[in-house]
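A.B. asks: Let's see this in three dimensions:
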Amino acid sequence: MDADEKPDVAQEAAAETGYPRPLYAWVAVILLTVAYALSLLDRWVLTLLVAPIKTELQISDTAVGLLMGPVFALVYVLSGLPFGWAADRFNRRNLVAGAISFWSGMTVLSGFARSFWQLALCRFGIGFGEAALTPSATSLIADLFPRRKVNLAVGVFDLGIYTGMGLSYLIGGALLTWATANHATFLGGGLAPWQIVFVLVGAPGFLVSLLLLLVIREPVRRNKGTTSSSSMKDCFAYIKRHRRAFLPLAVGMGTVALFGYAFTWLPTLFSRAWGWPTAQMSMYYGVILLTFGPLGTVTGGLIAGRLYSRGHADAPYRVLTFSLPALVIIGGTAALWPTPYMAITALAASAFLSSMSTSGGIASVVFVAPAQYRGRLLALYTMINSMIGTMIGPVGVGLLNDTVFTSPDGVRWSLATILLGVGGSLTLFLLTGRRGYGQAVRELEDAEKAT
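C.D. replies: Numbering: from 1, shown residues only. All right, here's what the predicted structure looks like:
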């Protein structure tokens, strides 16, 4: 069967026995989604605190870009593969619960930072903890559902990305306003408003970690393909054999990471270009992310599921071939519109397309990864596209602000340059991988049917 042939429905129905009850599986997905949302909240709230942090720590746009991108990304991407290896060998539930507690603690400690280097150390810690989440949680979800339902389940998990980002703007903006008015009485008045925000957004993670330990059990690992070997050598041999599928996917999806991390400059853009206060921009953009992000994620999962049921085994990759080009065109020009409300409209469309692409990318990895390698393949995928996004997006915009587009509203041209130039190139590379991806999916599905 090739990538476009219809899956054997009878075989799939028979294979669905032995999975956990649907209600339990979906409760597990919801808890993991909440954890994902918290990770983005803890990571992204820094974008609302640029102005007070710059003032108090006396740092430049480039330094802020380093905090938002490379300082976080360095440990995040380097830790991904070891955590992926751990997810393939150890209890994934325990890995996720421990990771949540660790990054939440580092977020709280960020509220006590008094220098650039202290805050940078906390960002390193947040990156280390969050690196364990995606490979462990996604691998776990893939073993909770039959293959035909994985697209939707992964799509729901990906709601955490845009829910967390949306909450970082809505809750972060509200907390900053509250902290500004009440910082003199909070914990004795020793913390600045931006520091209080870090403490308050980090604390809920400890409760979610406890709930995961109480509710979720480690599921049986499934879909191992033709071999049970799980060595790192065999994992890399699998990647090499299917490099025409994996590399375009992992590198090309750097487009979404690039947009996400470059958009950390949006509050600064709206302030400098149109004079919007942080609270106003955070309200608008938070609502956009909470509305259009989940809508795009679910829509992408449903479209991929429908394509798969119609015989397209490479369904999630097909979603990427139209969602990513549209994202580059619409999102890449959002900062150049003449009014803030036109830019907001473009950002709404970008949130929809970005979330559709995110769910399609992760589902694409799940579809092509044997169970014994899934955690590491997900970690490598995340490592590659996150490195591209975090190393180029925030610091690239910051450097252009400081050296090229130095006018007050120059950030709009910095954003457009990075997003259209780099994002367009990455997307073109992804489009070259569809054929190789289809072949890899066919091989894995044929192997599963033979066992």
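A.B. asks: ok, residue 334 - contacts?
C.D. replies: Neighbouring residues of residue 334 by C-beta atoms under 8 Å, 6 or more residues apart in numbering: 343, 346, 347, 350, 415. Where you see a C-beta, it was placed from the backbone N, CA and C, and this is true even at glycine.
A.B. asks: cutoff 7 Å now
C.D. replies: Shown in contact with residue 334 (C-beta atoms under 7 Å, 6 or more residues apart in numbering): 343, 346, 347, 350.
A.B. asks: Which secondary structure element is home to the closest residue in space to it that isn't next to it in sequence?
C.D. replies: In space, and not counting its chain neighbours, residue 334 is closest to residue 346: 3.7 Å by C-beta to C-beta, 6 or more residues apart in numbering. When elements are defined using DSSP states H and E, residue 346 is found to belong to helix 340-368.
A.B. asks: Excluding chain neighbours, what is closest to residue 79?
C.D. replies: With sequence-adjacent residues excluded and distances taken as C-beta to C-beta, 6+ apart, residue 79 is closest to residue 131, at 3.8 Å.
A.B. asks: so what's residue 229 scoring on pLDDT?
C.D. replies: Per-residue confidence for residue 229 comes out at a pLDDT of 52.
A.B. asks: Oops, could you answer that again for residue 450 instead?
C.D. replies: Residue 450 is given a pLDDT of 57.
A.B. asks: likewise residue 404?
C.D. replies: What the model reports for residue 404 is a pLDDT of 89.
A.B. asks: picking up where we left off before, now, which of the contacts of residue 334 sits nearest residue 80?
C.D. replies: residue 350 (25.6 Å; C-beta to C-beta).
A.B. asks: Wait, that closest one touches residue 327, no?
C.D. replies: Yes. The pair residue 350 and residue 327 qualifies as a contact (C-beta atoms under 7 Å) at a distance of 6.1 Å.
A.B. asks: circling back to that earlier point, I'd say the residue nearest to residue 79 and residue 82 touch.
C.D. replies: No. In this structure residue 131 lies outside contact range of residue 82 using C-beta under 7 Å: 8.4 Å.
A.B. asks: The two: which is more packed in?
C.D. replies: Set side by side, residue 131 and residue 82 show more neighbours around residue 131, with 28 against 14, by other C-beta atoms under 10 Å.
A.B. asks: So that one versus residue 47, what's the distance?
C.D. replies: Shown here: residue 131 relative to residue 47, a distance of 20 Å by C-beta to C-beta, to the nearest Å.
A.B. asks: returning to that earlier point: so which of the contacts of residue 334 is the closest to residue 315?
C.D. replies: Of the contacts of residue 334, the one sitting nearest to residue 315 (C-beta to C-beta) turns out to be residue 350, at 23.0 Å.
A.B. asks: number of nearby residues for that closest one?
C.D. replies: A count of neighbours around residue 350, defined by other C-beta under 10 Å, yields 25.
A.B. asks: what sits against it?
C.D. replies: Remark: with contacts taken as C-beta under 7 Å, 6+ apart, residue 350 is in contact with 259, 327, 330, 331, 334.
A.B. asks: pLDDT wise, what is the residue nearest the centre of the chain at?
C.D. replies: Per C-alpha atoms, centre = their mean, the C-alpha nearest to the average position across the chain is that of residue 161, at 5.5 Å. Looking at residue 161, its pLDDT is 75.
A.B. asks: In contact with it, which residues?
C.D. replies: Under the criterion of C-beta under 7 Å, 6+ apart, the contact partners of residue 161 comprise 36, 40, 293, 355, 358.
A.B. asks: any idea which element the closest residue to the fourth one other than its chain neighbours lies in?
C.D. replies: Leaving out its chain neighbours, the residue that sits closest to residue 355 by C-beta to C-beta, 6+ apart is residue 296, at 3.5 Å. With the criterion set as DSSP H and E, the secondary-structure element containing residue 296 is helix 278-309.
A.B. asks: Report the separation between residue 399 and residue 70.
C.D. replies: With distances defined as C-beta to C-beta, the gap from residue 399 to residue 70 amounts to 11 Å.
A.B. asks: Looking at the contacts of residue 161, state which has the most neighbours.
C.D. replies: Neighbour counts for the contacts of residue 161, by other C-beta under 10 Å, peak at residue 355, which reaches 30 neighbours.
A.B. asks: which residues does it contact?
C.D. replies: 158, 161, 162, 293, 296, 297.
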